[in-house]
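Q: Here is my input; please provide its structure:
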Amino acid sequence: MKLVYNIFIVLFASSLMAAENREATLASDWIPKRIHLLGIDVTGGLALDIPLSIVSLQSAKIPLFLSHTLKADVFGDLYSVFECCQLNTFIRPLTEDQVLWKSPNGGKMVFRFLDREPSSIDRGFRCTRKGTGKYEILCPDKTILIYEHYRLTQFVLGSGEKISCQTAGGNITAMSDPVTGNKYLEAEYVDGFLSRLTLSNGEILLFGYTNEKRQLQRFWSNRNRSFSFDYANGVLSELETPSKKLHYAWQADMKFGRKRMILIKDQAYTYSYQEHDIIVRLSATPSVGPKLFFAFNELTGRPIPSK
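A: Take a look at the predicted model:
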C-alpha cells in the first residue's frame, strides 16, 4: 500500500530562525504564507522563502525573508522575482467602497465596506477607515498597522510598543523608535529594488541585480553570508547558498490563454501538478522513499483530507 501524506506547511525553517528567541518573534502575520507540498505550491510555482535577518525591537522581533514569485512581462512571459514582503506593504483603493491590502506576509486581501460601515473584516483581520487614505489594520496577533496616504506610517505591537515607518513608493525605508529616534532598520532602493539593508545589530546586506528585468543575481552580508542566483529562460534554475547548490527545473504551460511555469523538479524531488475543476493535486517523488501527495480545494481554500 502506498503511504499517503497530506501536507499543509508554512515554510519557516532555518538555523537563523532557530537561534532566535521565538517567544519574542512577532506572530505569523509577518511570516510568508504558502500552501504547498515541499518545494511546489498550489499554483505550480516554487515555494521558496529565504531568511534574510531579524529586526530586533524592544519587545519583539520581525523576521525578514526574500520570497520567490513569478511575474509576467509585457509579452506575457514569466520570470522569477525575489521580494522582501515585510518591507513592502500598502493599501490601494479599488472602488469607493473597496481597498486592496498587501500585508507584510505577502498576502493580499480585499476589504469591502458595506453600507458605509467604517470597518471590514476578512480572515480575522479588521480594516477601519479613518479618513481619506487613512486606514488601520488590526491583526489577529493584536498588532495595529496604521496607514496614511495608503502607506504604512506606524505599527503598534500588542505590548503597546510603537514603531514609526518611513516609506518610498510603498517600500519601507526605515523603522525607528518614535520617542528616541533610534533606527532599527534602514533600507535603500534603486528603481524600487532593494539594494542595501542596514540593521541595528550591525548587519549590512547588499543586493545585486542583472541589467535585464532587474533579477536578483546575488546578495551578501558583512556576516560572511552570500547567496547567488542563476536563471534559465527567465526562471530560477540554480541557487547557491553558503552550504550547497540547489537546482530547479520547470515546464511551460498554458491556462485560459495565459502562459505559466510549473515546477517539475528540484534537487530532492520530482513533482507532478494536476488540476481537476476546482481541485489541485500535487505529488512529490523522491529518489528513494515513498511518494508524497497533497490535494487542495481552490473554492474553499482548504486542503482535502486524505481518505
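
Q: CA atoms for contacts and neighbours, from now on please.
A: Fine.

Q: Residue ranges in this protein under the pLDDT threshold?
A: Along the chain, segments meeting pLDDT under 70 span 1-28, 307.

Q: can you list the domain ranges for this protein.
A: The chain breaks down by automatic domain parsing into domains covering 1-87+192-307, 89-169.

Q: Output the ones you listed in TSV, with mean neighbour count and distance to Thr180 appended to each entry.
A: What follows is the domains of the chain, written out as TSV (neighbours: other Cα atoms under 10 Å; distance: least, Cα to Cα, whole Å):
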stretch	mean neighbour count	distance to Thr180
domain 1-87+192-307	16	12
domain 89-169	17	11
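
Q: would JSON lines of the ones you listed with distance to Ser176 be doable?
A: Below are the domains of the chain laid out as JSON lines (distance: least, Cα to Cα, whole Å):
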{"stretch": "domain 1-87+192-307", "distance to Ser176": "9"}
{"stretch": "domain 89-169", "distance to Ser176": "5"}
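
Q: Select, out of those domains, the one closest to Gly181.
A: domain 89-169 (8.9 Å; Cα to Cα).

Q: CA atoms only: put stretch 232-251 into CSV for me.
A: Presented in CSV, the C-alpha positions along stretch 232-251 are these (Å, rounded to 0.1, in the frame of the first residue of the first chain):
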residue,chain,number,x,y,z
ALA,A,232,17.1,29.8,-17.5
ASN,A,233,14.6,31.4,-19.8
GLY,A,234,13.9,33.9,-17.0
VAL,A,235,13.0,31.5,-14.2
LEU,A,236,15.2,30.4,-11.3
SER,A,237,17.4,27.4,-12.3
GLU,A,238,20.1,27.5,-9.6
LEU,A,239,20.5,28.9,-6.1
GLU,A,240,23.9,28.8,-4.4
THR,A,241,23.7,29.1,-0.6
PRO,A,242,26.6,29.3,1.9
SER,A,243,26.4,25.5,2.2
LYS,A,244,25.1,24.0,-1.0
LYS,A,245,23.7,24.4,-4.5
LEU,A,246,20.0,23.9,-5.3
HIS,A,247,18.7,23.2,-8.8
TYR,A,248,15.2,23.7,-10.2
ALA,A,249,13.6,22.5,-13.5
TRP,A,250,10.4,24.0,-15.0
GLN,A,251,7.8,23.1,-17.6
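
Q: Which parts of the stretch 1-150 of the chain are helices?
A: Ranges of helices in the stretch 1-150 of the chain, per DSSP state H, counting those that start in this stretch, are 15-18.

Q: where does the closest residue to Asp77 other than its chain neighbours land in three-state SS?
A: Leaving out its chain neighbours, the residue that sits closest to Asp77 by Cα to Cα, 6 or more residues apart in numbering is Lys259, at 6.5 Å. Here Lys259 is recorded as strand under DSSP: H, G, I helix; E, B strand; the rest coil.

Q: tell me the contacts of Lys259?
A: By Cα atoms under 8 Å, 6 or more residues apart in numbering, Lys259 lies in contact with 76-78, 252-253.

Q: which one among those residues gets closest to Thr198?
A: Leu78 (31.1 Å).

Q: just to revisit the earlier point, quick one: which of the domains of the chain is nearest Glu186?
A: Between the domains of the chain, domain 1-87+192-307 lies closest to Glu186; by Cα to Cα that is 5.1 Å.

Q: ok now the closest one, how far from the chain's centre?
A: Here domain 1-87+192-307 shows a centroid-to-chain-centroid distance of 8 Å under the convention Cα atoms, centre = their mean, to the nearest Å.

Q: Please apply the same query to stretch 145-159.
A: With Cα atoms, centre = their mean, you get 19 Å for stretch 145-159.

Q: could I get that stretch in CSV with only the CA atoms?
A: Only the C-alpha atoms of stretch 145-159 are listed here, as CSV (Å, rounded to 0.1, in the frame of the first residue of the first chain):
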residue,chain,number,x,y,z
LEU,A,145,-0.8,48.8,11.4
ILE,A,146,-1.5,52.4,10.6
TYR,A,147,-1.6,53.7,7.0
GLU,A,148,-1.7,57.3,5.9
HIS,A,149,-1.8,58.3,2.2
TYR,A,150,-2.2,54.5,1.8
ARG,A,151,1.4,53.9,3.1
LEU,A,152,2.4,52.3,6.4
THR,A,153,3.5,55.1,8.8
GLN,A,154,3.4,53.3,12.1
PHE,A,155,2.6,50.0,13.8
VAL,A,156,1.7,49.3,17.4
LEU,A,157,2.6,45.9,18.9
GLY,A,158,0.3,44.0,21.3
SER,A,159,2.7,45.1,24.1
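
Q: As a check, name the ranges of all strands in the stretch 151-300 of the chain.
A: Applying DSSP state E, counting those that start in this stretch to the stretch 151-300 of the chain gives strands spanning 151-156, 162-168, 171-176, 183-190, 193-199, 204-209, 216-221, 226-232, 235-240, 245-255, 258-266, 269-276, 279-286, 292-297.
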